[in-house]
Each structure stands twice: as structure tokens, then as C-alpha cells.
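> pasting the sequence and the predicted model now:
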Amino acid sequence: MSVLTCKLISSRCHNDETIWLELKKLGRTNVEVPVLGLGTWGIGGLSNSRRGGEEEDASALRLGLELGMRFIDTAEMYGHGHSEDVVAMAVGEERESVFIATKVSAENLAYEHVLRSCEASLKRLKTNYIDLYQVHWPNTRIPIRETMKAMEKLVEEGKIREIGVSNFSVKQTREAQEALSRKTVVSNQVEYSLVERSIEGDLLPYCEKERVTIIAYSPIARGHLAGGGRDDPWRTLDTVAQRYGRTRTQVALNWLICKENVVAIPKASNPQHVRENAGAAGWRLKPEDQEALSKAFS
Ligand code: NAP
């Protein structure tokens, strides 16, 4: 396996507690992101009518930031935008040292709608720039050229820094890349975990070759990888976990971030989960253990 384009640094941020996790280059850029970010699906409620728990959620995000996961992924559709409000609460005055990724929804991909969605996200996030703006899902009714034109306009205006996609196939990723004239598609956010391996067929090799970072969502299979069963392949997971003195979740996340161009964004509202997930970085599964896990769950 090739060496990761990441480095381990221990520079401090605002206080002595804050450490950075390993970093990886984002796409073809020199921008570096922590190998583990913080997912926010369900944070801030699933809809306007079911809000609550914002302070707890923001404090879980703040803990994740303190533990070095200084990369938050959100979307305009999460909690109908309220997730972005909670991200702003969590980030507070630390904006400059947090990498914020958000997404424009599939129904908002027409030129003017992208611009409008971005303005609304900036307002909710209480910031004047978004580090990574992603197209949440493809929409075949709107030409990708139109969407990408709006994305490049936002870059020109300094409102977004990098452009990404999500849930795009190889063909759609290529079309998105071709639609850009001055920027590149730096990332594709897709479902990827030990138990969901569809991207290994063509998307993962394509993105490795094209240097498009894979941002793995549902990396612990929505909690399933922490529970699971007792038979094979779970026995293999437990054996590996015991060997490293780690938990199932930590091994499952480490297996992902051992891959050259993959970073992962587990979501956790429970502070214990946040700490456990942060402990999934800073060490490395041996290649033979990565292989054993790949086979066991194939
Ligand atoms: P996930 O991160 O695989 O799993 C989240 C669930 O696992 C939560 O119920 C969480 O519980 C639990 N959990 C977290 N850490 C744990 C641990 N150490 N031990 C046991 N349970 C643990 O799933 P996800 O939320 O679907 O995916 C992560 C993020 O990816 C999302 O939040 C979102 O930002 C993004 N996403 C993007 C798309 C897309 O279309 N682009 C789709 C889905 C998700 P607690 O919250 O109670 O701690």
C-alpha cells in the first residue's frame, strides 16, 4: 500500500488541549483536512418541527473539535438548515481553525438557486466563507454545467473555497470535473464502510487515480459496526481490535482512513462516542490486518 499523503502534527490551536489529527491533502489542492471529521445528520433535529438538544449537540461537536476532528460536515437539508445553526454555535470564535463543509440540495442546483442556497448557508453558519461546498446529490434535470458555473462564481466571490460532489458515480464525477474551467472537483462524499463496499468496484479506483478525495459517510454503518454480531466476520473484527487494544468502531474507522485518499466523517452526539471515534486516528492497522478485514467483510 502506498504511503498516506498525511502528516501527524501536534500544533496547538486556541488552548493547550487542542491537538490536530493526521491530515490528508484534499483532492489536488494543498489544503489539508483531518482524516476524521464530524458528521451532523440528525444534529439540530430532522425537521423544523422536531428541534431540541442543540446545546448537547453543539457541545459534542466542540468536544470533537478539541480532540482534533476540526472538520465538520453539514448540509442545507439537515434539520431544514438547523444543523448549520448548531454548527455555528459549536464553532463560535474558532472559525479560522475549523474546516466547514456543507452541501447544496439536489433541488437547488439551478444557477440562481445555488447562489441563493449558499447565501442562506453562510448566514446560518455565521461565516463569510465555506471551505468545501458540495453538490449533495446529482439532479439529471439540471445540467451539471449550470451548477458548476454557479460554484465557480461563488469561488470567485470568495464565498466558497473548494468544490465537491456527493453521491456521484464515476460518469457524473467526470462530467462535473469537465464542467469546471478554473477549479477541480476535490472530493466525492459517498457511503463507505467495512459493510458497504460498493465504491470499491469503480469509484474508489477512479477517485484515487484522479486524486479526488473520498469522504466516507456512514463510516460506522449508522452505529451497526459498533454492535454487529458474534460470528464471522465479527470474530475477525474482534480479534483485530483485541490485538491493537482498540474497539470495533476504532478499527472500522482506521481501516477506512488507511486508504490513501479516504477520510471519514462519523456522527456522534454521545460524548463517549466522540472520544472513542477520535481514538481511531494516530495509529495504523498493519497491511495484513487491513487485508484480513477486507476479506472477512467482503
Ligand atoms: P455513522 O456516522 O456511521 O453513524 C452514526 C450513528 O452511530 C449514531 O447513531 C451515533 O450515535 C452512533 N455512533 C457514533 N459513534 C459511535 C461509537 N463510537 N460507538 C457506537 N455508536 C456510535 O452514520 P451517519 O450519521 O449516517 O454518517 C455520518 C455523517 O455522514 C452524517 O452525519 C452526515 O454528515 C454524512 N452523511 C452524508 C450523506 C450524503 O448523502 N452525503 C448521507 C448520510 C450521511 P450517537 O449520535 O448517539 O453518538
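Arrived safely, thanks for sending.
> list of residues touching stretch 142-156?
109-112, 114-115, 118, 133, 135, 138-139, 160-161, 163, 172, 175-176, 179-183 (CB atoms under 8 Å, 6 or more residues apart in numbering). For glycine as for every other residue, the C-beta is placed from the backbone atoms N, C-alpha and C.
> the closest residue to Gly37 other than its chain neighbours: how many residues sit nearby?
Leaving out its chain neighbours, the residue that sits closest to Gly37 by CB to CB, 6 or more residues apart in numbering is Phe71, at 3.4 Å. The number of residues packed near Phe71 is 26, by other CB atoms under 10 Å.
> interface residues of the stretch 51-200 of the chain facing the ligand?
Asp73, His136, Ser166, Asn167, Gln189 (CB under 6 Å from any ligand atom).
> farthest pair in those?
Spatial extent of these (CB to CB) is set by the pair Asp73 and Asn167 at 13.4 Å.
> how far away is Tyr206 from Gln172?
11 Å (CB to CB, to the nearest Å).
> ok, Asp232 - how many residues close by?
Neighbours around Asp232, by other CB under 10 Å: 10.
> likewise Lys25?
18.
> partner residues bridging it?
As for beta bridges, Lys25 partners with Glu32 under DSSP bridges.
> I'd assumed Glu32 was in contact with it.
Yes - using CB atoms under 8 Å, Lys25 is in contact with Glu32, at 5.9 Å.
> give me the pLDDT value at Thr18.
Per-residue pLDDT puts Thr18 at 59.
> so where do the strands sit in the stretch 1-150 of the chain?
6-7, 23-25, 32-34, 71-73, 99-104, 130-135 (DSSP state E, counting those that start in this stretch).
> can you put the ones you listed in CSV and add mean pLDDT and distance to Gly229?
Listed next are the strands of the stretch 1-150 of the chain as CSV, based on pLDDT from 0 to 100; distance: least, CB to CB, whole Å:
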stretch, mean pLDDT, distance to Gly229
strand 6-7, 38, 32
strand 23-25, 97, 32
strand 32-34, 97, 31
strand 71-73, 98, 29
strand 99-104, 98, 33
strand 130-135, 98, 34
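> out of the ones you listed, the one nearest Ala292 is which?
Here strand 6-7 is closest among these (CB to CB), at 22.8 Å.
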